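got a predicted structure here, sequence first:
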Amino acid sequence: MAVLPARRFLVVGHTQSTDPGLSLNDLPGAGGRIDVLARVVTAALCLSHGLRSDTEVWTVIDHEGVHAGPRTIVWSGDRLRHLNPDERTTAALFKKAFGADVIDHLDEVHPGLQVAEWGFQAALDAFGAAAPFVVLDREGVDVRAAPGDWLRPGIGFVLSDHRPFGAEEEAVLREVAIGRLSVGPHWLHGHAAVFLIQDALDRVA
Ligand SMILES: C[S@@+](CC[C@H](N)C(=O)[O-])C[C@H]1O[C@@H](n2cnc3c(N)ncnc32)[C@H](O)[C@@H]1O
């Protein structure tokens, strides 16, 4: 049985393309802000030298305009190859995942990169089945006062991209998450929130 990574993030994308023809020259425009997800991936996984082998990131793209269909891509720091800290090479890995023949369960399409045709609900079900998770939310409990079991190995952290969660997503999250965690008083970009969570985890490790 696979060992659960110590640190797990799931980010929900509300505008990104899943088209394998994605242009690497226009990530914010034609890519539908796929640069935002790329930054979350690198913030979670990249150290100055190498990757965090204890971290896994789930990127979920699911919205009404996603003509090529929803996708869930899991990035595993212990096996991932060819991830660099820049958005363009990260987007090239998205493109590779989009080009794979997708199925209804996660399938590895590149070392450390798995993809499935899952949307929000299927991805959240699978993510939450492995271990409990909290939602990152400015209005949540301050990370500096978080209950000890919210920062323990295996716990998941769920965040949104540059858009707020939709009403239906919020309703589901309120039902299944064990709590809401704030990294500070301002709304930050998602990748900055992830940096702060990684830092908090580094300090309790
Ligand atoms: C750019 S923000 C989205 C901001 C958007 N105005 C909203 O209402 O959700 C991206 C994500 O980062 C996380 N985030 C941003 N600031 C945060 C904070 N201070 N504490 C916890 N999570 C935060 C949240 O999950 C948020 O959905």
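Okay, I see it. Numbering: from 1, shown residues only.

where does the protein come near the ligand, residue by residue?
Residues of the chain lying close to the ligand (C-beta under 6 Å from any ligand atom) are 136-138, 159-160, 162, 164, 182-184, 186-190, 193. Just so you know, the C-beta spots here come from the backbone N, C-alpha and C atoms, and that holds for glycine as well.

remind me, longest helix of the protein?
Longest helix in the chain, counting residues (DSSP state H): helix 190-204.

other SSEs contacting that one?
For helix 190-204, the packing partners by 3 or more C-beta pairs under 8 Å, 6 or more residues apart in numbering; DSSP states H and E come out as strand 7-13, helix 34-45, strand 133-142, strand 156-160.

please redo it, this time with the cut-off set to 7 Å
Counting contacts by 3 or more C-beta pairs under 7 Å, 6 or more residues apart in numbering; DSSP states H and E, helix 190-204 packs against strand 7-13, helix 34-45, strand 156-160.

so where is this protein shaky, pLDDT-wise?
1-2, 205 (pLDDT under 70).

how about the helices in it?
34-45, 87-98, 120-130, 167-176, 190-204.

CSV for those, including mean neighbour count and distance to residue 14?
Listed next are the helices of the chain as CSV, based on neighbours: other C-beta atoms under 10 Å; distance: least, C-beta to C-beta, whole Å:
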stretch, mean neighbour count, distance to residue 14
helix 34-45, 25, 10
helix 87-98, 20, 15
helix 120-130, 18, 10
helix 167-176, 13, 9
helix 190-204, 18, 11
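
let's have these in TSV, adding distance to residue 144.
TSV is the format used below for those (distance: least, C-beta to C-beta, whole Å):
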stretch	distance to residue 144
helix 34-45	20
helix 87-98	30
helix 120-130	25
helix 167-176	23
helix 190-204	8
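
out of these, which gets nearest to residue 58?
helix 120-130 (5.8 Å; C-beta to C-beta).

the closest one to strand 156-160, inter-axis angle?
160 degrees (axes from the mean of the first three to the mean of the last three C-alpha atoms, to 10 degrees).

by contact count, what packs against helix 120-130?
By 3+ C-beta pairs under 7 Å, 6+ apart, helix 120-130 packs against strand 7-13, strand 55-61, helix 167-176.

run through who's touching the second one.
Counting contacts by C-beta atoms under 7 Å, 6 or more residues apart in numbering, the residues outside strand 55-61 that touch it are 5, 7-13, 16, 18, 37, 40-41, 44-45, 70-77, 120, 123, 127.

ok, 6 Å please
With contacts defined as C-beta atoms under 6 Å, 6 or more residues apart in numbering, strand 55-61 is touched by 5, 7-13, 16, 18, 37, 41, 44-45, 71-77, 120, 123, 127.

equivalent analysis for stretch 86-96, please.
Counting by C-beta under 6 Å, 6+ apart, residues outside stretch 86-96 touching it are 22, 24, 27, 34, 35, 38, 41, 42, 110, 113.

nearest to residue 97 among these?
Using C-beta to C-beta, those come closest to residue 97 at residue 113, 5.9 Å.
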